[in-house]
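Asks: got a sequence here, can you model it:
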Amino acid sequence: MEREEFADFYAASFQRLVGQLHAMIGDQSEAQDAVQEAFVRAWARRGKIDRNGAPEAWVRVTAWRIAASRWRRARDGIRLGLLTARPESTAGPTPDRVAFSDALRKVPAEQRRALVLYHLCDLTVEQIAAETGVRAGTVKSRLARGRIALVPYLRETAAPVTE
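Replies: Below is the predicted model:
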């Protein structure tokens, strides 16, 4: 992938990938950092990354692994220096988006990841299985259980339906 192609790829997919990872891990700032780090790694491998070979999936998987690794290190007591102020430059999310994000945080991590990849990233069950390294049946199970787990949290905040 040439420099200009990579720049176009970055511009076209950065925000989408941050949104997807944010939905998976529940932390906007950490999602931005992990995706940025994944793009740095992709830049170093740009000669090997084929535009037709799903580079976005490669960056998403790499960002997920980076975020998981950071979480493990933080859990073990290693400070990452991410305690600086995080100014928000965009308008706040809608109440529905906040309710959905809060509900997603209450779902187990692997179910949440499957739900985000399926519903927000529009990946197929087979693509999710390949990306997460599990069987398609496991992905289907996580999706079904994740949807069931979301129901009580979304019902609490849903607006009444009027006819």
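Asks: quick one: buried residues of stretch 57-76?
Replies: Applying a neighbour-count criterion of 16 or more other CB atoms under 10 Å, one finds 57, 58, 59, 60, 61, 62, 63, 64, 66, 67, 70, 71 buried in stretch 57-76. Glycine gets a C-beta too; all of them are placed from N, C-alpha and C.
Asks: let me know the closest of those residues to residue 127.
Replies: Lowest distance from residue 127 to the buried residues of stretch 57-76 (CB to CB) belongs to residue 57, with 7.4 Å.
Asks: for the closest one, give me its contacts.
Replies: Shown in contact with residue 57 (CB atoms under 8 Å, 6 or more residues apart in numbering): 127, 131.
Asks: what helix or strand is it located in?
Replies: Using DSSP states H and E, the element containing residue 57 is helix 55-75.
Asks: next secondary structure after that helix?
Replies: helix 95-105.
Asks: state the mean pLDDT of that next one.
Replies: Throughout helix 95-105, pLDDT has a mean value of 77.
Asks: rewinding a little: ok, the buried residues of stretch 57-76 vs residue 27, which is closest?
Replies: For the buried residues of stretch 57-76, the nearest to residue 27 is residue 67 (8.2 Å; CB to CB).
Asks: remind me what the stretch of helix or strand residue 142 belongs to packs against, helices and strands.
Replies: Using DSSP H and E, residue 142 sits in helix 136-157. Packing contacts for helix 136-157, counted by 3 or more CB pairs under 8 Å, 6 or more residues apart in numbering; DSSP states H and E, involve helix 95-105, helix 109-115, helix 125-132.
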